[in-house]
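Peer 1: Predicted model and sequence below, questions to follow.
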Amino acid sequence: MARALINLPKTAGAGAVIEIKTLISHPMETGYRPGPDGRLIPRNIITEFVCTYDGDEVFRAELSPASAANPYLTFTTVATKTGTLRFTWTGDNGFSQTEEMPITVT
């Protein structure tokens, strides 16, 4: 399991625009770099990131081999109701990780 860091406010006023920052540790090998033995290191990237807010998709990103290791994403959404934000990263070789964070809307 990769280490994921998520930064978002614990509380927000109804209708407030909130900023969400995510970072996940992942090597993001492109498949073009040679290893110590001279053979290419197999491709291993995160290909997709999705954030849902109480089941409604609020952000989606498709990542490519040009993405940096440990991809950092930041985006905004509107705080509508108290609920849970769900973050899912998927990638090559069956990689999938999901994290959840609550938010309280006042």
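Peer 2: Cool, the structure landed.
Peer 1: Tell me the strands beside the helix or strand harbouring T98, with direction?
Peer 2: Per DSSP states H and E: T98 is located in strand 96-105. Strands that pair with strand 96-105, judged by DSSP bridges, come out as strand 11-12 (parallel), strand 83-91 (antiparallel).
Peer 1: Export it to CSV, keeping only CA atoms.
Peer 2: Output of strand 96-105 as CSV, limited to C-alpha atoms (Å, rounded to 0.1, in the frame of the first residue of the first chain):
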residue,chain,number,x,y,z
SER,A,96,-5.5,0.6,-6.6
GLN,A,97,-5.7,2.7,-3.4
THR,A,98,-8.7,4.4,-1.8
GLU,A,99,-8.7,6.8,1.1
GLU,A,100,-11.7,8.6,2.8
MET,A,101,-11.8,11.9,4.6
PRO,A,102,-14.9,13.4,6.4
ILE,A,103,-16.0,17.1,6.1
THR,A,104,-18.5,18.8,8.3
VAL,A,105,-20.5,21.6,6.7
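Peer 1: now that strand, how far from the centre of its chain.
Peer 2: 11 Å (Cα atoms, centre = their mean, to the nearest Å).
Peer 1: how far does the helix or strand encompassing F59 sit from the chain's center?
Peer 2: Per DSSP H and E, F59 falls inside strand 56-62. Relative to its chain's centre, strand 56-62 lies at 10 Å (Cα atoms, centre = their mean).
Peer 1: what do you get for stretch 80-98?
Peer 2: Put simply, stretch 80-98 sits 7 Å off its chain's centre (Cα atoms, centre = their mean).
Peer 1: Please apply the same query to stretch 29-38.
Peer 2: Using Cα atoms, centre = their mean, the offset of stretch 29-38 from its chain centre is 25 Å.
Peer 1: Buried residues, it. List them.
Peer 2: Within stretch 29-38, the residues scored as buried using 16 or more other Cβ atoms under 10 Å are E29, T30. (Each C-beta comes from the backbone N, C-alpha and C, glycine too.)
Peer 1: Same check on stretch 5-12?
Peer 2: Of the residues in stretch 5-12, those buried (16+ other Cβ under 10 Å) are L8, A12.
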